[in-house]
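Undergrad: model the following, please.
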Amino acid sequence: MRRAFALLFLLSLAWACGDRPYTLETEEGLLGGEEMAYDGEVLVFEGQACLEGKGFRLEAPRIAYREGEGLFQAEGLRGEVEGWRLEAQRLEGKALKGARLTRGRLSAEVAELALASPPEGRGILLTAPAYRVKAERATFTRGEARLQGFLATPCPCGEDLRLSLEEATFLVDTGELKGEARLGLWGLEVPLGEARANLNRPPRLESPLVFSASETGGYTLGLQGFPLPRPGEEVGRWERRFTLLATGLTTPKEALLLGLREGGRGMEVRLGYGAGVRAFWDDLLFAATPSPPDADTPRLEARYTPRFSVEGAELRPFARYAETTSAQGWTLGLEGRYPWAFREGPWSLGLDPAFLLALYPGQDPYLSLGGSLRAGYREGDLRAELGYRARWEPFGPRNRFAFEARPEGQRLDLLLAYGPLEGRYYLENPLGNRVVGVEVGYEDRALGRLRVGWREGSYPEWLLAYAMPEPDRACCQALWLAPQVGLGPEGVSRYGLTFRYYDGCFAYELKAQNVLKGQYSEATGFSLNFALRLR
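TA: Predicted coordinates:
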């Protein structure tokens with residue numbers, strides 16, 4: 001039924017206003033209708049009444065025109081303005097009140113829209129896929145909108161993160177926004193100069209604050225990837241970033257890391273434990289660590305690793321010179337993969353063969369072959385998947401350096417799901433430290449997700465995990481918890497909790513876990529991580 005009404009509406013718009021039986025030329029445009037009445041002061045057009053001018057076309061059941069004053073009166077209007085579809089509560093004088101403009105994925109609520117050329121609006125609330133926008137005034141054309149007194153926020157509620165511009169140009173087709181901007185974060189305002197944003201995609205904003213702790217690594221605290229915006233860059237996609245990070249605090253391995261990078265170029269200096277420098281320029285890297293913290297870290301390293309794509313294949317040749325405590329010399333190598341996917345009806349198949357070949361002058365080469373296979377079937381609520389991935393060293397583990405090592409291993413995954421119920425079986429690394437497991441999960445939008453699993457590796461272990469349902473993005477505040485626990489023959493083997501607090505703009509996450517007994521070489525001990533991200 002809605003489609004039928006939309007079709008009739010479009011057909012009515014295709015009928016030019018000049019085709020109506022009664023028409024009148026006004027300063028704003030051509031006024032017409034199927035019926036006309038006149039009482040000496042007011043002309044009333046009824047029966048698909050219309051008003052058509054430069055850049056706009058309106059229709060209403062009834063349009064009244066006060067000829068001496070050149071003013072209009074109408075209610076329940078529909079039409080088009082500069083390529084935007086329009087609905088308005090009423091037309092008073094020469095302005096539309098309570099107008100709604102839509103175009104593609106954009107919609108704008110306009111308190112008042114003047115029938116000028118181009119149309120001018122006041123009190124604008126623009127909703128885009130990634131932002132909510134407020135503007136005091138706007139001028140709409142077919143290709144762009146000029147916005148004044150502008151504020152945009154990606155937050156679903158509130159304006160803790162906002163972009164303010166006195167005047168901005170919005171390109172309607174691309175969603176790109178340009179202007180002199182200030183970035184607001186809570187109560188702070190940071191001038192950005194000339195900046196860009198895209199209202200169709202959310203900014204890539206993650207907290208540069210790092211705080212984590214573990215029994216073996218001590219505390220890590222500082223800033224990682226702190227943005228340093230440059231004029232003209234897109235908001236949230238800044239390339240220049242700064243790092244100041246203290247690691248290993250409260251342990252003998254304390255160190256300070258300072259770094260600056262811009263895209264694929266940058267430099268890092270490490271002071272304290274494992275002191276050294278790294279410099280990289282796109283595909284080139286140079287590094288020196290006079291006192292390596294472990295046997296795998298080179299004292300000296302120079303590396304060139306370009307990337308190519310040929311007929312769908314991804315190739316990465318590399319030339320590398322390294323000096324470690326156990327070996328030194330050149331490595332010439334090539335790594336490649338060829339991802340391939342096929343889908344037909346409910347069936348899907350994916351292959352991803354891969355290899356790595358490393359040559360050492362005067363030494364035996366190293367070769368690693370591998371890849372993955374994934375087959376699936378999905379029909380209604382039924383879903384089945386088979387996944388297998390493996391690595392094989394046909395000549396044995398002959399790698400001289402850790403950089404090119406791709407150790408042998410295999411993993412098999414089987415998944416069968418129907419609606420909210422899901423079952424999974426996996427077999428990992430049957431050539432070495434074998435881990436076999438079974439999991440059953442149930443997910444409900446109102447109740448959350450519950451998982452119960454059993455696995456056997458170096459010891460048998462039951463795993464229980466629960467995650468609350470994710471809060472609706474429209475909720476301004478919410479709490480989210482995801483506890484988990486592991487039970488072995490001797491009692492509790494691990495436990496953890498992920499806690500999130502959602503406000504109107506951000507999600508604050510604190511994740512704590514304590515592994516009392518690990519599987520094979522799994523690290524044990526307590527760990528804590530903090531994260532902050534945009535909702």
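Undergrad: list phi and psi for Pro346.
TA: Dihedral pair for Pro346: phi -80, psi -10, per degrees, to the nearest 10.
Undergrad: who are the contact partners of the residue nearest to Gly432 when sequence neighbours are not counted?
TA: Among residues not flanking Gly432 along the chain, Gly409 sits closest, at 7.1 Å (CB to CB, 6 or more residues apart in numbering). (C-beta placed from N, C-alpha, C; glycine too.) Residues near Gly409 by CB atoms under 8 Å, 6 or more residues apart in numbering: Ala390, Arg391, Glu428, Asn429, Leu431, Gly432.
Undergrad: would you turn the residues you listed into TSV with secondary structure?
TA: Below are the contacts of Gly409 laid out as TSV (DSSP: H, G, I helix; E, B strand; the rest coil):
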residue	secondary structure
Ala390	strand
Arg391	strand
Glu428	strand
Asn429	coil
Leu431	coil
Gly432	coil
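Undergrad: distance between stretch 299-316 and the chain's centre?
TA: In terms of CA atoms, centre = their mean, to the nearest Å, the centre of stretch 299-316 is found 27 Å from the chain centre.
Undergrad: show me the contacts for Glu46.
TA: By CB under 8 Å, 6+ apart, the contact list for Glu46 reads Gly33, Glu34, Glu35, Met36, Ala37, Pro61, Arg62.
Undergrad: enumerate every residue touching the fifth one.
TA: Contact analysis of Ala37 by CB under 8 Å, 6+ apart lists Leu43, Val44, Glu46.
Undergrad: and if you look at the third one?
TA: If you count contacts by CB under 8 Å, 6+ apart, Glu35 has them with Pro21, Tyr22, Phe45, Glu46, Gly47.
Undergrad: now with 7 Å, please.
TA: Glu46, Gly47 (CB atoms under 7 Å, 6 or more residues apart in numbering).
Undergrad: now do it against Ala275, distance only.
TA: Separation of Glu35 from Ala275 (CB to CB, to the nearest Å) stands at 89 Å.
Undergrad: then the first one?
TA: To Ala275, Gly33 is 84 Å away according to CB to CB.
Undergrad: tell me where the stretch 401-535 of the chain has strands.
TA: 409-418, 421-428, 435-444, 448-456, 460-467, 478-488, 491-502, 506-515, 525-534 (DSSP state E, counting those that start in this stretch).
Undergrad: how about the stretch 151-300 of the chain?
TA: Here the stretch 151-300 of the chain has its strands, by DSSP E, counting those that start in this stretch, at 161-171, 176-185, 188-198, 209-214, 218-227, 240-249, 255-262, 265-272, 276-281, 284-288, 300-304.
Undergrad: sorry, back to before: now the contacts of Gly409 as JSON lines including pLDDT?
TA: Formatted as JSON lines, the contacts of Gly409 follow (pLDDT from 0 to 100):
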{"residue": "Ala390", "pLDDT": "96"}
{"residue": "Arg391", "pLDDT": "95"}
{"residue": "Glu428", "pLDDT": "93"}
{"residue": "Asn429", "pLDDT": "90"}
{"residue": "Leu431", "pLDDT": "72"}
{"residue": "Gly432", "pLDDT": "80"}
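Undergrad: so the residue nearest to Gly432 bridges to which residues?
TA: Gly409 has these beta-bridge partners by DSSP bridges: Arg391.
Undergrad: what does Tyr501 give?
TA: Leu479, Tyr508.
Undergrad: hang on, isn't it packed against Leu479?
TA: Yes: here Tyr501 lies in contact with Leu479, judged by CB atoms under 7 Å, at a distance of 6.0 Å.
Undergrad: if we can go back for a sec, quick one: which of the contacts of Glu46 has the most company?
TA: Of all those, Gly33 has the most neighbours under the rule other CB atoms under 10 Å, reaching 26 neighbours.
Undergrad: with adjacent residues omitted, what lies nearest to it?
TA: Phe45 (3.1 Å).
Undergrad: following whichever helix or strand that neighbour is part of, which helix or strand comes up?
TA: Assigned by DSSP states H and E, Phe45 falls within strand 42-53. Sequence-wise, the next helix or strand downstream of strand 42-53 (DSSP H and E) is strand 56-66.
Undergrad: give me the sheet partners of the helix or strand that that following strand is followed by and which way each runs.
TA: Next in sequence after strand 56-66, counting helices and strands by DSSP H and E, comes strand 71-81. According to DSSP bridges, strand 71-81 forms sheet pairs with strand 56-66 (antiparallel), strand 84-93 (antiparallel).
Undergrad: what angle sits between strand 71-81 and strand 42-53?
TA: 30 degrees (axes from the mean of the first three to the mean of the last three CA atoms, to 10 degrees).
Undergrad: for strand 71-81, give me every contacting residue.
TA: Outside of strand 71-81, the residues within contact range by CB under 7 Å, 6+ apart are 9, 13, 51, 55-65, 86-94, 96, 101, 119, 140.
Undergrad: re the thing from before, would you mind measuring from the residue nearest to Gly432 to Pro397?
TA: Noted for Gly409: a distance of 12 Å to Pro397, by CB to CB.
Undergrad: and if you look at Gly47?
TA: Distance from Gly47 to Pro397, counting by CB to CB: 86 Å.
Undergrad: comparing the two, which residue is more hemmed in?
TA: Between Gly47 and Pro397, counted using other CB under 10 Å, the more crowded position is Gly47 (14 against 11).
Undergrad: dump the residue contacts of the nearest residue to the more buried one once chain neighbours are set aside.
TA: Once flanking residues are discounted, Gly47 sits nearest to Glu34: 3.1 Å by CB to CB, 6+ apart. Counting by CB under 7 Å, 6+ apart, Glu34 touches Arg20, Pro21, Gly47, Gln48.
Undergrad: dig out what the closest residue to the first one other than its chain neighbours forms beta bridges with.
TA: With CB to CB, 6+ apart as the criterion, Arg20 has its nearest non-adjacent residue at 3.4 Å, and that residue is Gly32. Using DSSP bridges, the bridge partners assigned to Gly32 are Thr23, Cys50.
Undergrad: what about Gly32, how many residues nearby?
TA: Neighbours of Gly32 under the rule other CB under 10 Å: 26.
Undergrad: re earlier: which parts of the strand holding Phe45 are buried?
TA: Across strand 42-53, burial judged by 16 or more other CB atoms under 10 Å covers Leu43, Val44, Phe45, Glu46, Gln48, Ala49, Cys50, Leu51, Glu52, Gly53.
Undergrad: do stretch 353-368 as well
TA: Within stretch 353-368, the residues that count as buried by 16+ other CB under 10 Å are Ala354, Leu356, Leu357, Ala358, Tyr360, Tyr366, Leu367, Ser368.
Undergrad: mind picking the two most distant members of these?
TA: Using CB to CB, the buried residues of stretch 353-368 span at most 20.8 Å, a distance reached by Ala354 and Tyr360.
Undergrad: give me the neighbour count for Ile63.
TA: By other CB under 10 Å, the residues close to Ile63 number 23.
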